[in-house]
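Q: Here is a sequence together with a model predicted from it:
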Amino acid sequence: MKSSFTRFAAALVVLILLCAACPGANAQASPASRIPAADLLQPLELVKILQSSNSDSKKEKPLLLQVGSLVMFEQAHIPGSEYAGAGGKEAGLRSLKERASKLDRAQFVVLYCGCCPWGKCPNIGPAYQQMRSLGFTNLKVLYIADNFGADWVDKGYPVTKGQ
């Protein structure tokens with residue numbers, strides 16, 4: 001278990017360093033900062049939504065789409081979430097659009113990344129904008145202030161490792 005955590009931590013450090021080196025990562029107004037506060041979910045809020053939708057069949061369970069790196073998704077992700085492609089890359093946005101094409105535009109969808117601090121994330125803003133432009137009306141974004149490890153895994157929230 002310790003070696004698994006060590007590998008996860010090492011992969012997270014690499015992702016954070018890569019994210020910091022991304023073009024535009026230090027721009028004044030990141031795409032993530034343009035997501036309205038009303039469309040953000042705090043991690044604990046999402047945990048409560050997932051718990052209530054698991055215990056109450058009448059509550060709509062959100063479709064969780066991870067729009068960060070595949071490496072990060074394979075290390076650890078929210079149970080039931082799907083890898084939808086890195087939102088900061090054209091190929092990732094194409095993959096997200098393809099997945100979205102099969103969905104009802106009113107479906108409850110939550111996007112998340114967590115590769116790096118919120119203001120530097122190259123993925124979440126473009127993915128959010130794409131889903132909005134496709135007409136999704138029940139769209140939320142998981143607000144991960146620092147990174148997925150610190151703001152989700154380390155808090156003891158549920159994770160699945162591997163695909």
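A: Cool, the structure landed.
Q: quick one: the helices in this protein?
A: Ranges of helices in the chain, per DSSP state H, are 2-20, 43-55, 70-75, 90-100, 124-133, 148.
Q: ranking those helices by mean pLDDT, which is last?
A: Sorting the helices of the chain by mean pLDDT places helix 2-20 lowest, at a mean of 52.
Q: Spatially nearest residue to the residue nearest in space to the middle of the chain (excluding sequence neighbours)?
A: Computing the C-alpha centroid of the chain and ranking residues by CA atoms, centre = their mean puts residue 112 first, at 1.3 Å. Excluding the flanking residues, the one nearest residue 112 by CB to CB, 6 or more residues apart in numbering is residue 142, at 3.7 Å. Quick note: C-beta positions are derived from backbone N, CA and C, even for glycine.
Q: repeat for residue 113
A: residue 68 (3.8 Å).
Q: Same check on residue 115?
A: Distances taken as CB to CB, 6+ apart place residue 68 nearest to residue 115, at 4.5 Å, with adjacent residues excluded.
Q: quick one: that neighbour and residue 89 touch, right?
A: No: contact criterion CB atoms under 8 Å: residue 68 and residue 89 do not qualify, at 10.7 Å.
Q: and these two? which has more neighbours close in?
A: Ranked by neighbour count (other CB atoms under 10 Å), residue 68 and residue 89 place residue 68 first, with 31 against 14.
Q: can you tell me which residues contact the more buried one?
A: 15, 86, 87, 112, 113, 114, 115, 121, 123, 148 (CB atoms under 8 Å, 6 or more residues apart in numbering).
Q: same thing but at 6 Å, please
A: Counting by CB atoms under 6 Å, 6 or more residues apart in numbering, residue 68 makes contact with 113, 115, 123.
Q: Reformat the residues you listed into a markdown table and put distance to residue 31, neighbour count and pLDDT next to each item.
A: As requested, the contacts of residue 68 are exported to a markdown table (distance: CB to CB, whole Å; neighbours: other CB atoms under 10 Å; pLDDT from 0 to 100):
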| residue | distance to residue 31 | neighbour count | pLDDT |
| --- | --- | --- | --- |
| 113 | 11 | 30 | 97 |
| 115 | 13 | 27 | 94 |
| 123 | 9 | 30 | 97 |
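Q: Specify which member of those residues is nearest to residue 44.
A: Set against residue 44, the nearest of the contacts of residue 68 by CB to CB is residue 113 (17.9 Å).
Q: Please report the distance of the closest one from residue 39.
A: Computed as CB to CB, to the nearest Å, the residue 113 to residue 39 distance reads 14 Å.
Q: what do you get for residue 47?
A: 18 Å.
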